[in-house]
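Undergrad: give me the fold of what follows.
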Amino acid sequence: MINSMKKRKKIITPEKAASLIPIIISAGISILIITFFVIPKYIKSTKVNLELISLIRKKNDLDKLKSQYTIINQKFAKLNKEKIKIIELVTGKTNLDTLLDKLGEIASRNNIEYVSIVPVKLINYEENNSNQTTNNQISNNSKVISDPLLVKGAKKYVINLSFKTEFINLLSYLRELEFQENVILINDIDLRLLSQKSNKNESITPTDKLEVKLSTTFYGKS
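TA: Prediction:
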């Protein structure tokens, strides 16, 4: 018993205790530094690094979006040019007033004597679409006939024309209508001879005078 106590006293000597105390103090200080300084700094650094990675990813995404926006904007500009070309192909530069003026000029050049010019209907692009939607709601089984020529920015004029002229002048009048810059459709034509033929089997001559009724569709700018 006495020997074991003596051994313990020999293990923990003042010299050893003097050297252990600084080590214990240094370890404690190191633990405190790691706990209250190093670990928070590491956590903060990790958080900053994650935010930096997130910002870099967002920047890359933004660059991609910018390039996509540029491509979309170019496509939009191209489609807009194509749309303008389509409108010009269908309507030219004609509205109702210039259309009526042109009809007068064409008639004058071809010796046409107008009896009446009656605008029957004016259809806008929006009205055409709303009518189509309404018809679709009424019956899903019925076929709705849409007008592919009635594009956005265009109007459709349905006009009935009645006039007198010789047969040869009628042909030149119709030919000139056909070559106008805007689209002109003839829906119906009714011809009647103003002078009765002595022989019913006799054919119409170029100088025979006719009364003509035309149902026409003109496309003009809105």
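
Undergrad: for K58, give its distance to S67.
TA: 15 Å (C-beta to C-beta, to the nearest Å). Any C-beta I mention is one placed from the backbone N, CA and C, and that applies to glycine too.

Undergrad: so after the helix ranked longest in the chain, what's the next helix or strand?
TA: As far as residue count goes, and with DSSP state H defining each element, the longest helix of the chain is helix 39-91. Scanning forward in sequence from helix 39-91 by DSSP states H and E, the next helix or strand is helix 96-109.

Undergrad: in stretch 207-217, what counts as buried?
TA: Of all the residues in stretch 207-217, those buried under the rule 16 or more other C-beta atoms under 10 Å are 208, 210, 212, 214-217.

Undergrad: swap in stretch 78-86?
TA: Counting neighbours, the buried set in stretch 78-86 is empty (16+ other C-beta under 10 Å).

Undergrad: what's the average pLDDT for that stretch?
TA: Across stretch 78-86, the average pLDDT comes to 78.

Undergrad: quick one: contacts of it?
TA: Around stretch 78-86, the neighbours that count as contacts under C-beta atoms under 8 Å, 6 or more residues apart in numbering are 151-153.

Undergrad: and this structure, what are its domains?
TA: 12-89, 96-221 (automatic domain parsing).

Undergrad: on that earlier part again, would CSV of the buried residues of stretch 207-217 with distance to F37 be doable?
TA: What follows is the buried residues of stretch 207-217, written out as CSV (distance: C-beta to C-beta, whole Å):
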residue, distance to F37
D208, 113
L210, 107
V212, 102
L214, 96
S215, 94
T216, 91
T217, 86
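
Undergrad: picking that back up, separate out the buried members of the contacts of stretch 78-86.
TA: V151.

Undergrad: out of the contacts of stretch 78-86, who's nearest F36?
TA: K152 (69.9 Å; C-beta to C-beta).

Undergrad: find the residue closest to that closest one in space, skipping its chain neighbours.
TA: Here the nearest residue to K152 in space, its sequence neighbours aside, is Y125; by C-beta to C-beta, 6 or more residues apart in numbering that works out to 4.9 Å.

Undergrad: my read: the one you found touches L149, true?
TA: No: no contact is recorded between Y125 and L149 when judged using C-beta atoms under 8 Å, the distance being 10.4 Å.

Undergrad: ranking the domains of the chain by burial, who's on top?
TA: Mean neighbour count (mean count of other C-beta atoms under 10 Å) peaks for domain 96-221 among the domains of the chain, with a mean of 14.

Undergrad: residue contacts, I23?
TA: Contacts were defined as C-beta under 8 Å, 6+ apart; by that measure I23 touches no other residue.

Undergrad: no no, S116
TA: So, once contact is read as C-beta under 8 Å, 6+ apart, S116 ends up touching 160-162.

Undergrad: could I get those as a markdown table with secondary structure, distance to E113 and pLDDT?
TA: Formatted as a markdown table, the entries for those read as follows, by DSSP: H, G, I helix; E, B strand; the rest coil; distance: C-beta to C-beta, whole Å; pLDDT from 0 to 100:
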| residue | secondary structure | distance to E113 | pLDDT |
| --- | --- | --- | --- |
| N160 | strand | 16 | 94 |
| L161 | strand | 12 | 94 |
| S162 | strand | 10 | 94 |
